[in-house]
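Student: sharing a model prediction with you, sequence too.
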Amino acid sequence: MNAAAVQRVEIAEEDRLRADLYGFLSALLAAPPDRALLDKTAALHGDDTELGRAIGTLAKLAKATTPSSTEREFTKLFIGLGRGELLPYASYYLTGFLNEKPLASLRKDMSALRISRAPNVYEPEDNIASLMEMMAGLITGRFGAPAALARQKEFFNRHIAPWAGHFFADLEGAKGSVFYTPVGTVGRLFVDIEREAFRMSGA
């Protein structure tokens, strides 16, 4: 995504960590991880929470894998011959078809938020990697001023909450998933945490 405006702002550490995790998931889901991203992943340390344990599992797998093996796995999961095992798009999960009403709704909100698709990106904007990237940008102010919590909640509830948990659960259980199994677990747990936090916020 292209930022229409970028400004330096201070945001709370908790929000910075949220944005970092959204951005991390986006990077893992946008393309096969290269050596640098695998090394970064391998250096992560999880705590004793369910999410922390999933991050720890992902770090261990990152240490044991190679860019070529994750590229093969990514291709099997998301590209395949004709199509991959999973179709990571909101339209598909919500309607059974690509390029449907959820995509049109997202494009309308993107326009209002001054978010545009990068010129070298050809996938529909409602893919999971782009939505994770958009949430990170809303939190940090990549698209202008940082979005108020109420605006983050609105975007999350409209474009992520209705389907992303299902996608991440499917990624956990996909036949082609090895490295991406804990990616699915991290994503599923994080979406649940965000949903509950927004619910409790009163925003």
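Tutor: Received it, and whenever you're ready, just let me know what you need.
Student: please, where are all the helices along this structure?
Tutor: 13-30, 35-42, 50-64, 67-78, 90-95, 101-112, 128-140, 149-159, 164-173, 180-201 (DSSP state H).
Student: with only the CA atoms kept, save the shortest one in CSV.
Tutor: Looking back up the chat, that one is helix 90-95. C-alpha atoms of helix 90-95 as CSV (Å, rounded to 0.1, in the frame of the first residue of the first chain):
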residue,chain,number,x,y,z
ALA,A,90,-12.1,-11.6,2.1
SER,A,91,-14.4,-11.9,-0.9
TYR,A,92,-13.8,-15.6,-1.2
TYR,A,93,-14.3,-16.3,2.5
LEU,A,94,-17.4,-14.2,2.8
THR,A,95,-19.1,-15.0,-0.5
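Student: any idea how far Met135 is from Gly187?
Tutor: 12 Å (C-beta to C-beta, to the nearest Å). The way it works is simple: take the backbone N, C-alpha and C, and place the C-beta from them, glycine included.
Student: between the helices of the chain, which one is nearest to Asn120?
Tutor: Proximity to Asn120 (C-beta to C-beta) singles out helix 13-30 among the helices of the chain, at 11.6 Å.
Student: just to check, Gly52 is in contact with Ala59?
Tutor: No - applying C-beta atoms under 8 Å as the test, Gly52 and Ala59 come out as separate, 10.5 Å apart.
Student: in this structure, where is pLDDT below threshold?
Tutor: Along the chain, the parts satisfying pLDDT under 70 run over 1-9, 203.
Student: recalculate using a threshold of 80.
Tutor: Residue ranges of the chain with pLDDT under 80: 1-10, 81-82, 118-122, 202-203.
Student: okay, which residue is most central for it?
Tutor: The chain has Met132 as the residue nearest its centroid, 3.3 Å off, counting by C-alpha atoms, centre = their mean.
Student: ok, that one - contacts?
Tutor: For Met132, the contacting residues are Tyr22, Gly23, Leu25, Ser26, Leu29, by C-beta atoms under 8 Å, 6 or more residues apart in numbering.
Student: and stretch 185-195, what's buried?
Tutor: Residues of stretch 185-195 classed as buried by neighbour count (16 or more other C-beta atoms under 10 Å): Thr185, Val186, Gly187, Arg188, Leu189, Phe190, Val191, Asp192, Glu194, Arg195.
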